[in-house]
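Chemist: build me a model:
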Amino acid sequence: MKNIYKSFTYILLLIGTLTYAQQTPANKQDASILITGATIHIGNGEVIQNGAVGFENGKITYVGTTEGATSGTYKQIVDASGKHVYPGFIATNASLGLAEIDAVKATRDFDEVGTFLPHIRSIIAYNAESKVVESMRPNGVLMAQTTPRGGTISGTSSVVQLDAWNWEDAAIKIDDGIHINWPSAYQQGRWWLGEDPSFKPSKTYSKRVDEVADFFHNASTYLKGGQKEKNLQFAALKKLMEGEQKLYIHAGREKEIVDAVNWAVKTGISNLVIVHGNEAASVTDLLKKHNVSVLVPRPHRLPWAQDDDVLGPFKLAKNLSDKGILVAIEMEGQMERMNTRNLPFYAGTYAAHGLDKEKAVQMITLNAAKILGIDDFAGSLETGKDATLFISKGDALDMRTNIVEHAFIQGRTLSLETHQTTLHKRYMKKYNNK
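Modeler: Alright, predicted model coming up:
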């Protein structure tokens, strides 16, 4: 009987593995590849018609016209005539790999108990075998900044590529920055309790800002002192205070952004990024003065105030870009892990409301790479950079035409199969047989 139970257990484990495990990550590139005849979107705003991209050993070796490529030196030729080639899209401020099923608490690992948690590292909780992660690749989203949530200081984010065995394989930049949820300057009345639902100044705002300032002051004092007793929270701010990490301040309203930037400058923090920045277009002079980048929200949302432009959320990226602000798109919000796969279509929405199409591409490629500090090897199709790119049948910012046929991460040929594609094939077969 024991043997029967044991065999039954093994069968269940095998079924579970076959059913729920992610595909095996791609092998290292072993043959040089040249893609020809495509429209090449470099990622820096430039486009090459009838272009070619060649790569070997995971690195790009040629970008230019098809006529200028020496095809004889490449072992594999991919004819992409009439198609488009893009750098791999990069999702910023995403919690990919930190939760699998929102309704199942055991799969949620994106925040910790506490208020000031700069020592919490999201990368060690990253689940490389997440089914949510694998669903990004068929839309061209090949890299992401996996970011913790919760608390006033959430912890540190890291940048990962989305085809890996484990977090060590996935990481392409570990602990790139620390994230602060700046206190809200306004509070909304609880309408369900009969309160006025309008926004009013928060009575606790100044107190909470002072708490942030005090924490950083104490950390600075600790770092300058003997550090006889180990303080993990204060020690975690060392690289940030020395300018080796970025500070991502999550703030939306004008007052919050102004207060946050002025506080950061006063504290001596030079590498600053505003996340959300819903009203950032009102303070572009301040942002430019201190070289502050902005990660704008997903555009499919309502205006914040009754007197806001109803199309304001759709125009935010253009308004900031026109003022010379470095802009990328961040993913935080409802159903954010699932919706991260729609990153290119959010860029397309911004393009549909005035932003130049190639600047929209740039927001989710080179701009994102610059903000994350990985632009020396990612974000654009340039010789010497990682061969992280994909081929689409059409415009990658249009959900109707972004049909990804081939994708590569560091030269490795990816599987584009997911749980969703498996189900699609299964049920298409069922109904086609009727």
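
Chemist: thought G277 was touching N93, still the case?
Modeler: No - counting by C-beta atoms under 8 Å, G277 is not a contact partner of N93; they are 11.3 Å apart. No exception for glycine: its C-beta is placed from N, CA and C like everyone else's.

Chemist: shared neighbours of those two, anything?
Modeler: L295 (C-beta atoms under 8 Å, 6 or more residues apart in numbering).

Chemist: these two: which is more packed in?
Modeler: Of the pair N93 and G277, G277 is the one with more neighbours under other C-beta atoms under 10 Å, namely 30 against 27.

Chemist: residues near the closest residue to that one other than its chain neighbours, how many?
Modeler: Closest residue to G277 apart from its sequence neighbours, by C-beta to C-beta, 6 or more residues apart in numbering: V294 at 4.2 Å. Applying other C-beta under 10 Å, we find 25 residues neighbouring V294.

Chemist: residues contacting V294?
Modeler: V273, I274, V275, G277, A280, L287, L320, I325, L326, V327, A328.

Chemist: among these, which are in strands?
Modeler: Of the positions in the contacts of V294, V273, I274, V275, V327, A328 sit in strands, assigned by DSSP state E.

Chemist: what would those residues look like in JSON lines with pLDDT and neighbour count?
Modeler: Output for the ones in strands among the contacts of V294, formatted as JSON lines (pLDDT from 0 to 100; neighbours: other C-beta atoms under 10 Å):
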{"residue": "V273", "pLDDT": "98", "neighbour count": "23"}
{"residue": "I274", "pLDDT": "98", "neighbour count": "28"}
{"residue": "V275", "pLDDT": "98", "neighbour count": "24"}
{"residue": "V327", "pLDDT": "98", "neighbour count": "27"}
{"residue": "A328", "pLDDT": "98", "neighbour count": "29"}
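
Chemist: and of those residues, the nearest to F55?
Modeler: Lowest distance from F55 to the ones in strands among the contacts of V294 (C-beta to C-beta) belongs to A328, with 24.4 Å.

Chemist: so the closest one versus Y205, what's the distance?
Modeler: 28 Å (C-beta to C-beta, to the nearest Å).

Chemist: same deal with I40?
Modeler: Per C-beta to C-beta, I40 is found 49 Å from Y205.

Chemist: I'd assumed A94 was in contact with A368.
Modeler: No - with contact defined as C-beta under 8 Å, A368 does not reach A94; the gap is 10.9 Å.

Chemist: okay, the two: which has more neighbours?
Modeler: A368 (32 against 26).

Chemist: so who does the more buried one touch?
Modeler: I90, A91, T92, A328, I329, G379.

Chemist: ok, those vs L232, which is closest?
Modeler: T92 (26.2 Å).

Chemist: and the next helix or strand past the helix or strand the closest one falls within?
Modeler: Following DSSP states H and E, one finds T92 within strand 89-94. Per DSSP H and E, the first helix or strand lying C-terminal to strand 89-94 is helix 131-134.

Chemist: neighbour count winner among I40 and Y205?
Modeler: Legend: neighbour count by other C-beta under 10 Å for I40 and Y205, higher for I40 (25 against 18).

Chemist: and the more buried one, how far is that from R341?
Modeler: The value you get for I40 to R341, if C-beta to C-beta is used, is 23 Å.

Chemist: tell me where the chain has helices.
Modeler: 2-20, 131-134, 167-170, 205-224, 232-235, 238-241, 254-267, 284-289, 312-322, 336-339, 343-352, 357-363, 366-372, 419-432 (DSSP state H).

Chemist: in CSV: the ones you listed, plus mean pLDDT.
Modeler: Formatted as CSV, the helices of the chain follow (pLDDT from 0 to 100):
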stretch, mean pLDDT
helix 2-20, 46
helix 131-134, 92
helix 167-170, 96
helix 205-224, 94
helix 232-235, 93
helix 238-241, 94
helix 254-267, 96
helix 284-289, 97
helix 312-322, 96
helix 336-339, 92
helix 343-352, 97
helix 357-363, 98
helix 366-372, 98
helix 419-432, 86
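
Chemist: name the stretch among these that sits most buried.
Modeler: Across the helices of the chain, averaging neighbours per residue (mean count of other C-beta atoms under 10 Å) puts helix 366-372 on top, at a mean of 26.

Chemist: then it to PDB, C-alphas only?
Modeler: Taking C-alpha atoms only, helix 366-372 is exported to PDB below (Å, rounded to 0.1, in the frame of the first residue of the first chain):
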ATOM      1  CA  LEU A 366      16.700  53.600 -24.300                       C
ATOM      2  CA  ASN A 367      15.000  56.000 -21.900                       C
ATOM      3  CA  ALA A 368      14.100  53.200 -19.500                       C
ATOM      4  CA  ALA A 369      17.700  51.900 -19.800                       C
ATOM      5  CA  LYS A 370      19.200  55.300 -19.000                       C
ATOM      6  CA  ILE A 371      17.000  55.700 -15.900                       C
ATOM      7  CA  LEU A 372      17.900  52.200 -14.700                       C
END
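
Chemist: starting at the chain centroid, how far to it?
Modeler: 10 Å (C-alpha atoms, centre = their mean, to the nearest Å).

Chemist: could you double-check that D176 lies in contact with Q145?
Modeler: Yes - counting by C-beta under 8 Å, D176 touches Q145, with 6.9 Å between them.

Chemist: neighbour count winner among these two?
Modeler: Q145 (29 against 22).

Chemist: my guess is that one contacts G373. True?
Modeler: No - with contact defined as C-beta under 8 Å, Q145 does not count as touching G373 (10.4 Å).

Chemist: hey, what's in contact with both of the two?
Modeler: With the criterion set as C-beta under 8 Å, 6+ apart, the overlap between the contacts of Q145 and G373 is D176.

Chemist: tell me the one of the contacts of A368 nearest Y62?
Modeler: Minimum distance to Y62 across those is 18.0 Å, recorded for G379 (C-beta to C-beta).
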